[in-house]
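K.L.:
Sequence isn't available, so here's the structure alone:
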Ligand code: NAI
Ligand code: MG
């Protein structure tokens, strides 16, 4: 049986985005070829250069076209010193998330090699890190909800509001429990700051209601500061963390740091059943452009997350195995202590995917 075609738009973006997306696409083409998955690719030109030339993020109607024509968007990163106010990031990334209603942000932090963790207990095999941070992607602190309020004759306060809407919070919490159940995960922890932010109470309320529908999954509620502490002290006690946009952004850099850093951290922006957006957690790293030091593994692992989400689990497992092989062979970029270039790591992974025996589910 021929698998369904996989339709992917790439949005390489700025900085090292094109370099790591090039690597990711090479792996995606190879693995789809091996598993006979018909792959339809289109490269989108949007980013800082497009914005500076046209004054817009993308042509009007573009999100609708993408939603119709693609299963997934594979993004690099957006952020360019030429656009100081990040206007194009709002016009491209935030607009896509909003218009495609990609409400769930997923950031896995799985221990690949114990040696990549800075924690001695992990390295010694006394603790194992397997974490997933799921955060609300469409509200919370939002760059558009920002204003100045006159407080004295000559001074404005700068106010950024935090928004939480009950049905959107409940939708995310249901997603988190359903995801945990589908992946056999044991515990879902709500991370908030109810003692300082009264609006977070509605998360707790909804959490208890949703949790009661999942009696097989343990659940608890924790303040974000103690979770940050425990992530370093005892990460093995935590499993799936569900939280707000801002806390998710912060904690997922911490969880990435626990297992090897931004150079290997993937992420997904999802709405089940719709065209979703996949991207490495890292940004455009202007300091690394053109140096060959950008680690392509975050983008390559993002391909694995994309394949897995789109129903190609064997192909995803093949990519994971190839990433693991490159780490075990110490074919890594300097952020992981190696001396390989972006291109050399990519070649190693591609060769592994091209030449390994195929594994099919059930074998
Ligand atoms: P960054 O993630 O670009 O860089 C942070 C640090 O990690 C730097 O030292 C960088 O060299 C290193 N790093 C990042 N990616 C790496 C990789 N693949 N391999 C090896 N090392 C890597 O974050 P930063 O510096 O805060 O932001 C730079 C630009 O990226 C800004 O314009 C920011 O707004 C944007 N950004 C965009 C994101 C997105 O498009 N999703 C996410 C985060 C930042
Ligand atoms: Mg970030």
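P.N.:
Looks like it came in fine. Since the model is a prediction, treat every value here as computed from it, not as a measurement. Ligands and ions are numbered 1, 2, ... in the order given.

K.L.:
CA atoms for contacts and neighbours, from now on please.
P.N.:
OK.

K.L.:
Show me which residues of the chain sit near ligand 1.
P.N.:
Neighbours of ligand 1 within the chain, by CA under 6 Å from any ligand atom: 77-80, 262-263, 281-285, 287-288, 294-296, 335.

K.L.:
Return the subset of those residues lying in strands.
P.N.:
Judged by DSSP state E, these include residue 77 as members of strands.

K.L.:
Show me which of the residues of the chain next to ligand 1 are buried.
P.N.:
77-80, 262-263, 281-285, 294-296 (16 or more other CA atoms under 10 Å).

K.L.:
how about low-confidence regions in the protein?
P.N.:
Applying pLDDT under 70 to the chain picks out residues 1-2, 143, 361-363.

K.L.:
So what touches the longest strand that it contains?
P.N.:
Using DSSP E, we find that the single longest strand of the chain is strand 140-152. Outside strand 140-152, the residues that touch it by CA atoms under 8 Å, 6 or more residues apart in numbering are 156, 157, 158, 159, 160, 161, 162, 163, 164, 244, 245, 246.

K.L.:
one more time with 6 Å, if that's ok
P.N.:
156, 157, 158, 159, 160, 162, 163, 164, 245 (CA atoms under 6 Å, 6 or more residues apart in numbering).

K.L.:
now the helices: where do they sit in the stretch 1-150 of the chain?
P.N.:
With DSSP state H, counting those that start in this stretch as the criterion, the stretch 1-150 of the chain has helices at 17-34, 48-54, 62-69, 87-89, 95-99, 120-123.

K.L.:
got CSV for those, with distance to residue 305 and mean neighbour count too?
P.N.:
Below are the helices of the stretch 1-150 of the chain laid out as CSV (distance: least, CA to CA, whole Å; neighbours: other CA atoms under 10 Å):
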stretch, distance to residue 305, mean neighbour count
helix 17-34, 11, 22
helix 48-54, 26, 15
helix 62-69, 19, 14
helix 87-89, 23, 20
helix 95-99, 18, 17
helix 120-123, 24, 16
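
K.L.:
Of the ones you listed, which is nearest residue 220?
P.N.:
helix 120-123 (24.0 Å; CA to CA).

K.L.:
Show me which of the buried ones among the residues of the chain next to ligand 1 is closest to residue 169.
P.N.:
Of all those, residue 281 has the smallest distance to residue 169: 22.6 Å, by CA to CA.

K.L.:
tell me which residues in the host helix or strand of residue 303 are buried?
P.N.:
Secondary structure from DSSP states H and E places residue 303 in helix 297-309. Of all the residues in helix 297-309, those buried under the rule 16+ other CA under 10 Å are 297, 298, 299, 300, 301, 302, 303, 304, 305, 306, 307, 309.

K.L.:
between those residues, which is nearest residue 115?
P.N.:
residue 297 (16.4 Å).

K.L.:
My guess is the closest one contacts residue 264. True?
P.N.:
Yes. The pair residue 297 and residue 264 passes the contact test of CA atoms under 6 Å, sitting 5.0 Å apart.

K.L.:
Locate the residue of the chain with the greatest distance from its centre.
P.N.:
Note on the chain: the largest C-alpha distance from the chain mean falls to residue 153, namely 44.3 Å (CA atoms, centre = their mean).

K.L.:
about what we covered before: strand partners (parallel or antiparallel) of the longest strand of the chain?
P.N.:
Using DSSP bridges, strand 140-152 pairs in its sheet with strand 155-163 (antiparallel).

K.L.:
before we move on, the earlier item: neighbouring contacts of the helix holding residue 303?
P.N.:
So helix 297-309 is contacted by 20, 24, 263, 264, 265, 266, 280, 316, 319 (CA under 6 Å, 6+ apart).

K.L.:
In the stretch 101-250 of the chain, which residue sits nearest ligand 1?
P.N.:
residue 249 (9.2 Å; CA to the nearest ligand atom).

K.L.:
Adding distance to residue 5, write the buried ones among the residues of the chain next to ligand 1 out as CSV.
P.N.:
Formatted as CSV, those follow (distance: CA to CA, whole Å):
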residue, distance to residue 5
77, 26
78, 28
79, 32
80, 34
262, 31
263, 29
281, 27
282, 29
283, 30
284, 30
285, 33
294, 30
295, 29
296, 25
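
K.L.:
Walk me through the domains of this structure.
P.N.:
Listed by automatic domain parsing, the domain ranges of the chain are 1-102+271-363, 110-260.
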